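[1] No sequence on hand, only this structure:
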Ligand code: SF4
Ligand code: SF4
């Protein structure tokens, strides 16, 4: 059984957001919910400032507090390391959201894809309403609905339960990489098996000094970050007083 | 006439609550003051307030059976019934907090014993059954030492498990100070005593009954105990403020530091703890019915605000990617619907109590 992990190379990442867009399409993610997201930071003091961009997703922590605290095992660990969610069993207590240190779990406060539910056409008699548009193309919730998501999880999650990234477990089952990895134009996301010493993931982890988010909490994330992007140089100096 | 008006008000509260329930399940949870950050708010804090008050009442009702202090038998039946009413009120708030309450059956079908929430759910089920059984025994004129002891134990387990539940949240240290497993039962005891004093004295005042000598002694003693407990809570509360809010440099405590200046915090501190403690430490005020009523009512208001302060101190600071594009601290004002959920829970509790008062002879003393 593999133990899946992802390395994100911050030097390669150009901050284009393709990962987030493809994730939305692949997983039918509703508005306001982000299975794939980012943390942006500005460091320094003007005029010496820099902007940092860290892509984020569920870290599929080995010691996942979200799964440990879930009363019904709706949030649970799979043998391959994925932290999976089963909306059928989810009572919507949001305890996992309280326990996750990374803010990657979202609650469905309302029915998914509200903007595609509207019955009002922009121009009466000329354009379709969003709901008509969905019906016309045979979509489900959205016109661009991906039925493959249904294989392991309801394609659209109902109101009242939580949801989050699943490392595209439905794609992995078909020997395909997660959608965000596949769509990254800079190959900044590298996916593989931590238990295979020869995997690209392990090669990179051995070559660079990786870090993980909030490591001190002991959650043992399976998402690693390597390198940093900075084209800047500076003249050699010892500083001064 | 007065009773009918009172019942009318409570029924109105319940009808509004049912309307809120309809809105929540049709329009969605957006009727709450939610953002993805504020996932636990007033409905949950009201649940915590009521469930801990129920546990506190259980400590009081167990005094005769567990500690052998027989004079508390005089109020045992009323206390146990109040526990049931308060617990049912708390369940109403909990149900309206949960996104998919019908699926709670999975707590039994797919148990996760590593989850404190699972334990809490199971304990509450057992607790409720035991309470009903205990009340039935008392109602039929008997006492059960075994049942009383079990209720006492379960009340300890539920209130301390709540401490574990929040203690697990390493990412939110405002919630997880380890002393909460002690703080919750103690504050529950304070609010349980306050609820009991309030209900007993109000009942007697409103029905115009002559207060017996025994009851006067009992209420004075309970009031003193409430004052002492409120004082102990006050000390812990101050230490929580000093260690987590003032001396800690950890940024994660920013949420709690923010709450120190908030309205709920100040209601809890001044109205809920300082004033009742002072009132109950002055013997001449403690001896009066209005003194006891004021102190217990204020303590309950303070505890209600305190539970909200506590819950918010865990959630107002967004974590990880949730912080993206958000301020460091997210502000919170409850929506009308959230207030209605709290009123729904309180109305259910008060109606059940009022009906019990009318039909179940709560003043009866078991043999
Ligand atoms: S990142 Fe959060 S949701 Fe994902 S496994 Fe870790 S604790 Fe759970
Ligand atoms: S919200 Fe659902 S997944 Fe999260 S802890 Fe509750 S039951 Fe488990």
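    Received it, and whenever you're ready, just let me know what you need. Model, not experiment: these values are computed from the prediction. Ligands and ions are numbered 1, 2, ... in the order given.

[2] In the stretch 1-150 of chain B, what residue spans correspond to strands?
    Listed in chain order, the stretch 1-150 of chain B contains no strands at all (DSSP state E, counting those that start in this stretch).

[3] quick one: low-confidence ranges for it?
    Within the stretch 1-150 of chain B, the stretches with pLDDT under 70 are B:1.

[4] interface residues of it facing chain A?
    B:27-30, B:32, B:34, B:36, B:39-40, B:97-101, B:103-104, B:106-107, B:109-112, B:114-118, B:121 (Cβ under 8 Å from any Cβ of the partner chain). Quick note: C-beta positions are derived from backbone N, CA and C, even for glycine.

[5] distance of residue B:315 from residue B:361?
    44 Å (Cβ to Cβ, to the nearest Å).

[6] With neighbour numbers in mind, choose between these two.
    Per other Cβ atoms under 10 Å in any protein chain shown, whichever of residue B:315 and residue B:361 has more neighbours is residue B:315, with 24 against 11.

[7] can you give me the mean pLDDT across whichever helix in chain A runs longest?
    When chain A is parsed with DSSP state H, its longest helix is helix A:18-27. Mean pLDDT, helix A:18-27: 98.

[8] and it, is it in reach of chain B?
    No - Helix A:18-27 does not reach chain B (Cβ under 8 Å from any Cβ); its nearest approach is 10.7 Å.

[9] List the buried residues in that helix.
    By 16 or more other Cβ atoms under 10 Å in any protein chain shown, the buried positions in helix A:18-27 come out as A:18-20, A:22-24, A:26-27.

[10] who does that helix touch, helix- and strand-wise?
    strand A:36-45, strand A:48-57, helix A:179-183 (3 or more Cβ pairs under 8 Å, 6 or more residues apart in numbering or on different chains; DSSP states H and E).

[11] Could you export the ones you listed to TSV, including columns for mean pLDDT and distance to residue B:142?
    Output for the helices and strands packed on helix A:18-27, formatted as TSV (pLDDT from 0 to 100; distance: least, Cβ to Cβ, whole Å):
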stretch	mean pLDDT	distance to residue B:142
strand A:36-45	94	61
strand A:48-57	93	60
helix A:179-183	98	66
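
[12] Pick the most buried one from these.
    helix A:179-183 (a mean of 21; mean count of other Cβ atoms under 10 Å in any protein chain shown).

[13] Mind checking if it is in reach of chain B?
    No - if you take Cβ under 8 Å from any Cβ as the test, helix A:179-183 misses chain B, and the best it gets is 14.0 Å.

[14] tell me what that helix is packed against?
    On a contact count with 3+ Cβ pairs under 8 Å, 6+ apart, helix A:179-183 meets helix A:18-27, strand A:189-193.

[15] what's the closest of the ones you listed to ligand 1?
    Distance to ligand 1, taken as Cβ to the nearest ligand atom, is lowest for helix A:18-27 among the helices and strands packed on helix A:179-183, at 14.4 Å.

[16] next one: the closest one to chain centre, how far?
    Its chain's C-alpha centre and that of helix A:18-27 lie 9 Å apart, by Cα atoms, centre = their mean, to the nearest Å.

[17] angle of it against strand A:189-193?
    Counting by axes from the mean of the first three to the mean of the last three Cα atoms, to 10 degrees, helix A:18-27 lies at 60 degrees to strand A:189-193.

[18] Next, the angle from helix A:18-27 to strand A:48-57.
    20 degrees.

[19] Show residues contacting helix A:18-27.
    Contacts with helix A:18-27, where a contact means Cβ atoms under 8 Å, 6 or more residues apart in numbering or on different chains, come from A:29, A:34-38, A:55, A:57, A:144, A:146, A:148-149, A:165-166, A:168, A:171, A:179-185, A:189.

[20] re earlier: could I get the helices and strands packed on helix A:18-27 in CSV, plus columns for distance to ligand 2?
    Formatted as CSV, these follow (distance: least, Cβ to the nearest ligand atom, whole Å):
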stretch, distance to ligand 2
strand A:36-45, 18
strand A:48-57, 17
helix A:179-183, 22
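
[21] want to try a markdown table for those, with distance to residue B:278 as columns?
    Shown next, in a markdown table, are the helices and strands packed on helix A:18-27 (distance: least, Cβ to Cβ, whole Å):
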| stretch | distance to residue B:278 |
| --- | --- |
| strand A:36-45 | 48 |
| strand A:48-57 | 50 |
| helix A:179-183 | 60 |
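
[22] Next, count neighbours for residue 127.
    Let's take chain A. Residue A:127: 11 neighbours (other Cβ under 10 Å).

[23] Let me rephrase: I mean chain B.
    There are 24 residues near residue B:127, going by other Cβ under 10 Å.

[24] and what of the one 10 residues further on?
    Using other Cβ under 10 Å, residue B:137 is surrounded by 17 other residues.

[25] now it, nearest residue through space, not along the chain?
    For residue B:137, ignoring the flanking residues on the chain, the nearest one in space by Cβ to Cβ, 6 or more residues apart in numbering or on different chains is residue B:144 at 4.6 Å.

[26] For the stretch 101-250 of chain B, just list every one of the helices.
    B:106-109, B:116-139, B:145-167, B:180-207, B:213-240 (DSSP state H, counting those that start in this stretch).

[27] right, so those: which one is the most enclosed?
    With neighbours defined as mean count of other Cβ under 10 Å, those peak in mean count at helix B:180-207, which reaches a mean of 22.

[28] and the angle from that helix to helix B:213-240?
    150 degrees.

[29] what helices or strands is helix B:180-207 leaning on?
    Against helix B:180-207 (3+ Cβ pairs under 8 Å, 6+ apart) you get helix B:42-61, helix B:76-97, helix B:145-167, helix B:213-240, helix B:289-315.

[30] please redo it, this time with the cut-off set to 10 Å
    Judged by 3 or more Cβ pairs under 10 Å, 6 or more residues apart in numbering or on different chains; DSSP states H and E, helix B:180-207 is in contact with helix B:2-27, helix B:42-61, helix B:76-97, helix B:145-167, helix B:213-240, helix B:275-281, helix B:289-315, helix B:336-359.

[31] quick one, phi/psi of the residue in chain A positioned nearest to chain B?
    Distances between chain A and chain B by Cβ to the nearest Cβ are smallest at residue A:92, namely 1.9 Å. Main-chain torsions, residue A:92, degrees, to the nearest 10: phi 70, psi 30.

[32] What residues does it make contact with?
    A:74, A:107-108, A:158-162, B:29, B:39, B:97-101, B:103-104 (Cβ atoms under 10 Å, 6 or more residues apart in numbering or on different chains).

[33] who wins for proximity to ligand 2 among the helices and strands packed on helix A:179-183?
    helix A:18-27 (16.5 Å).

[34] what's the angle from the closest one to strand A:36-45?
    Angle, helix A:18-27 to strand A:36-45, by the same axes, to 10 degrees: 160 degrees.
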